[in-house]
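Chemist: predicted model and sequence follow; I will ask about them next.
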Amino acid sequence: MYFINYSILFLFLIAIVSLKGENASDSVLPFQTSNSLKGILALIIIFHHLSQKIVEPSILTLFQNMGYLAVAVFFFVSGYGLTSQYIVHGEGYLTKFLQKRVMKILIPTITASIIYFLYYCWNSGLSYAIQISKEAILSTNSIIINGWYLVTILYFYILFWGCFYIFKEDREQIIFTFFGTICYILFCYKAGYGVWRYNSCLAFWIGIVFKKQEKKIQIMNRFPILTMSVLFFAFACSQKVCGMLETNLGNIGGSLITSALFAILMVFIVSWKKVQSTIFDFLGKVSFELYIVHGLFIGFYRSNIVFVENDAIYFILVLLSAVLFAYILCGFDKKLYSLACSRKRRY
């Protein structure tokens with residue numbers, strides 16, 4: 001069943017790229033392509049979470065097991081993008097790295113957290129909102145639905161900065177970011193966190209390696225169909241083996257490899273030809289906010305406040321509301337970020 005579903009998805013993604021695209025640039029993942037890719041991934045994640053709410057069989061069934069795979073590609077894009085900027089700007093990129101990158105995570109997170117807190121108060125009462133806030137703080141999580149990603153990506157930003165600030169050689173940077181990634185995985189496992197918090201994060205490190213070894217890797221672009229076919233076969237086999245493993249550690253290891261292979265496959269698909277889509281580009285620009293707010297509307301339209309029974313209407317309302325609100329929130333967060341930066345310059 002997995003093989004059939006992923007085969008359909010594989011062909012669908014190739015069709016998207018082939019219908020509207022140009023020959024890829026010298027970079028494996030140029031900015032415009034990565035932005036459109038993030039738009040595709042945002043939709044996959046929304047469809048994944050909607051598939052858990054819509055009971056009736058539908059096309060969304062395809063996305064039931066896609067969540068951690070899409071997140072893995074997000075991690076890959078982050079690792080690859082940060083390394084690209086470092087290579088272009090050099091050591092100067094790290095000077096205000098924490099200030100700029102951390103603020104771009106914290107501002108949307110704080111804004112959205114306030115909105116979620118108000119929603120919890122409206123839907124379940126003040127005591128529940130306070131309780132869930134306390135639980136989120138104690139478990140190093142977030143009151144934002146699926147907000148674990150925000151905590152995790154913040155850790156990897158700090159890890160990237162630390163390793164690239166302290167170590168100057170490519171080999172050292174690769175080794176120590178890998179060590180930091182493994183430490184995070186082991187910490188989450190020992191702490192008893194849900195497997196979804198760490199079964200895709202190896203892709204962040206792979207994104208760094210890809211950028212560092214980009215010239216060597218681009219040789220495979222000479223044989224795009226063969227490369228993608230081999231990667232897809234390896235991914236499908238890894239998914240199958242992962243499903244057969246009975247031990248927790250074996251299953252986690254299998255998931256890490258599977259998600260990493262999927263991230264590489266996706267990147268090769270979109271790097272084969274540059275994705276040029278106005279819709280995906282727009283969604284990519286608001287993908288971070290879209291990730292933050294879509295859970296709010298998935299819950300809101302089937303809550304004590306309002307309950308939409310029809311699955312089709314529910315699907316449309318969630319999608320449209322999430323995109324619109326993400327766009328508004330993105331503009332608001334940018335203004336807050338600009339205001340914060342201008343104040344710091346004064347002092």
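Modeler: Arrived safely, thanks for sending. All of these numbers come straight from a predicted model, not from anything done at the bench.
Chemist: helices of the stretch 101-250 of the chain, start to end?
Modeler: Secondary structure of the stretch 101-250 of the chain (DSSP state H, counting those that start in this stretch): helices at 126-138, 148-166, 170-191, 202-212, 214-217, 224-244, 248-272.
Chemist: out of those helices, which one sits most buried?
Modeler: Using mean count of other C-beta atoms under 10 Å, the stretch among those with the greatest mean number of neighbours is helix 202-212 (a mean of 24). C-beta: built from backbone N, CA, C; applies to glycine.
Chemist: what angle do it and helix 148-166 make?
Modeler: 40 degrees (axes from the mean of the first three to the mean of the last three C-alpha atoms, to 10 degrees).
Chemist: what comes into contact with helix 202-212?
Modeler: With contact meaning C-beta atoms under 8 Å, 6 or more residues apart in numbering, helix 202-212 is reached by 28-29, 72-73, 75-84, 87, 156, 160, 170, 173-174, 177-178, 181, 185, 217, 256-257, 259-260, 263-264, 267.
Chemist: among the helices of the stretch 101-250 of the chain, which is nearest residue 288?
Modeler: Residue 288 lies closest, by C-beta to C-beta, to one member of the helices of the stretch 101-250 of the chain: helix 148-166, at 9.1 Å.
Chemist: tell me what the closest one is packed against?
Modeler: Of the remaining helices and strands, those touching helix 148-166 by 3 or more C-beta pairs under 8 Å, 6 or more residues apart in numbering; DSSP states H and E are helix 67-89, helix 92-95, helix 97-124, helix 170-191.
Chemist: show me what the first one packs onto, helices and strands only.
Modeler: With contacts defined as 3+ C-beta pairs under 8 Å, 6+ apart, helix 67-89 has these neighbours: helix 31-51, helix 92-95, helix 148-166, helix 202-212, helix 248-272.
Chemist: in that helix, which residues are buried?
Modeler: Neighbour-count burial for helix 67-89 flags 67-84, 86 (criterion: 16 or more other C-beta atoms under 10 Å).
Chemist: likewise for the shortest one?
Modeler: Taking 16+ other C-beta under 10 Å as the neighbour-count basis, helix 92-95 is seen to contain the buried residues 93-94.
Chemist: where does pLDDT dip in this protein?
Modeler: 1-27, 57-58, 242-250, 273-276, 343-347 (pLDDT under 70).
Chemist: who are the packing partners of the top helix by length along the chain?
Modeler: Longest helix in the chain by number of residues, with DSSP state H as the criterion: helix 311-346. Under the contact definition 3+ C-beta pairs under 8 Å, 6+ apart, helix 311-346 sits against helix 31-51, helix 97-124, helix 287-300.
Chemist: can I get those helices in a markdown table including distance to residue 281 and mean neighbour count?
Modeler: Putting the helices and strands packed on helix 311-346 into a markdown table (distance: least, C-beta to C-beta, whole Å; neighbours: other C-beta atoms under 10 Å) gives the following:
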| stretch | distance to residue 281 | mean neighbour count |
| --- | --- | --- |
| helix 31-51 | 5 | 22 |
| helix 97-124 | 19 | 17 |
| helix 287-300 | 10 | 23 |
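Chemist: how about these, which one is nearest residue 320?
Modeler: Nearest of the helices and strands packed on helix 311-346 (C-beta to C-beta): helix 287-300, 9.0 Å.
Chemist: convert the closest one to CSV, retaining C-alpha atoms only.
Modeler: The C-alpha coordinates for helix 287-300 follow below in CSV (Å, rounded to 0.1, in the frame of the first residue of the first chain):
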residue,chain,number,x,y,z
SER,A,287,5.0,28.7,4.7
PHE,A,288,6.4,29.3,8.2
GLU,A,289,3.3,31.2,9.3
LEU,A,290,1.1,28.7,7.5
TYR,A,291,2.7,25.9,9.5
ILE,A,292,2.0,27.8,12.7
VAL,A,293,-1.7,28.7,12.1
HIS,A,294,-3.2,25.8,10.1
GLY,A,295,-3.6,23.7,13.3
LEU,A,296,-5.7,26.5,14.8
PHE,A,297,-8.3,26.3,12.0
ILE,A,298,-8.2,22.5,11.9
GLY,A,299,-9.3,22.7,15.5
PHE,A,300,-11.5,25.8,15.3
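Chemist: tell me which residues are up against it.
Modeler: 38-39, 41-42, 45-46, 49-50, 53, 108-109, 112, 115-116, 119, 123, 144-147, 149-150, 283, 306, 317-318, 321-323, 325-327, 329-330, 333.
Chemist: residue contacts, the closest residue to residue 282 other than its chain neighbours?
Modeler: Leaving aside its chain neighbours, residue 282 sits nearest to residue 39 (6.9 Å; criterion: C-beta to C-beta, 6 or more residues apart in numbering). Taking C-beta under 8 Å, 6+ apart, we find residue 39 in contact with 277, 279-285, 287.
Chemist: hmm, back to that, residue 310: which of the helices and strands packed on helix 311-346 is closest?
Modeler: helix 31-51 (13.5 Å).
Chemist: that closest one vs helix 148-166, what angle?
Modeler: 150 degrees.
Chemist: right, and the helices of the stretch 101-250 of the chain - which one's nearest residue 92?
Modeler: Nearest of those (C-beta to C-beta): helix 148-166, 11.8 Å.
Chemist: got the angle for the closest one vs helix 67-89?
Modeler: Using the same axes, to 10 degrees: helix 148-166 against helix 67-89 is 30 degrees.
Chemist: which residues are in contact with helix 148-166?
Modeler: 71, 74-75, 78-79, 82-83, 86, 94, 97-98, 101-102, 105, 109, 140-142, 144, 172-173, 176-177, 180-181, 184, 193-194, 196-198, 201, 204, 208, 291-292.
Chemist: nothing else from me, thank you.
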